[in-house]
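# sequence first, then the predicted structure, then my questions.
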Amino acid sequence: MKFIEMTGETLDEIINDGELHSQDLAAAGVMGTSIVRINQQGDIEVRCPNKWRVIGGLLGDFEDRIRKTTGLDWA
């Protein structure tokens, strides 16, 4: 499966209305410096000490938002 990794701060910039909100990120343990990744289906995972944990998902045209904001492509 391919992902794009970013910080929690960058994820907060990408999120649209109807998706996770800042308070939802904090409740899921995502801080500005957290490492998160998103797969091509829009699933968001946060890096924990010994695993990745799914915390939600993105909707709509998230692929372009991610590429534009991060400058990265799926790897």
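Good, I have the coordinates.

# okay, CA-based contacts and neighbour counts for the rest of this
OK.

# for the helix or strand bottoming out on mean pLDDT in the chain, C-alpha coordinates in CSV please.
For the chain, scoring each helix and strand by mean pLDDT, DSSP states H and E identifies helix 22-27 as the least confident one, at a mean of 82. Below are the C-alpha coordinates for helix 22-27, written out as CSV (Å, rounded to 0.1, in the frame of the first residue of the first chain):
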residue,chain,number,x,y,z
SER,A,22,-8.3,20.0,15.3
GLN,A,23,-9.9,18.9,18.6
ASP,A,24,-10.4,15.4,17.0
LEU,A,25,-6.7,15.3,16.2
ALA,A,26,-5.7,16.2,19.7
ALA,A,27,-8.2,13.6,21.1
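
# for the longest helix along the chain, packing partners?
Scanning the chain for the longest helix, with DSSP state H as the assignment, gives helix 62-70. When contacts are defined as 3 or more CA pairs under 8 Å, 6 or more residues apart in numbering; DSSP states H and E, helix 62-70 sits against helix 8-14.

# packing partners for the helix it packs on?
Other elements packing on helix 8-14 under the criterion 3+ CA pairs under 8 Å, 6+ apart are strand 35-39, helix 62-70.

# any idea which of the ones you listed scores lowest on pLDDT?
By mean pLDDT, the lowest-scoring of the helices and strands packed on helix 8-14 turns out to be helix 62-70, with a mean of 94.

# quick one, it and strand 35-39 angle?
On the basis of axes from the mean of the first three to the mean of the last three CA atoms, to 10 degrees, helix 62-70 is oriented at 150 degrees to strand 35-39.

# need the contact partners of helix 62-70.
Contacting residues not belonging to helix 62-70 are listed as 4, 6, 10, 13-14, 40, 42, 72-73 [CA atoms under 8 Å, 6 or more residues apart in numbering].

# please consider this matter closed, and thank you.
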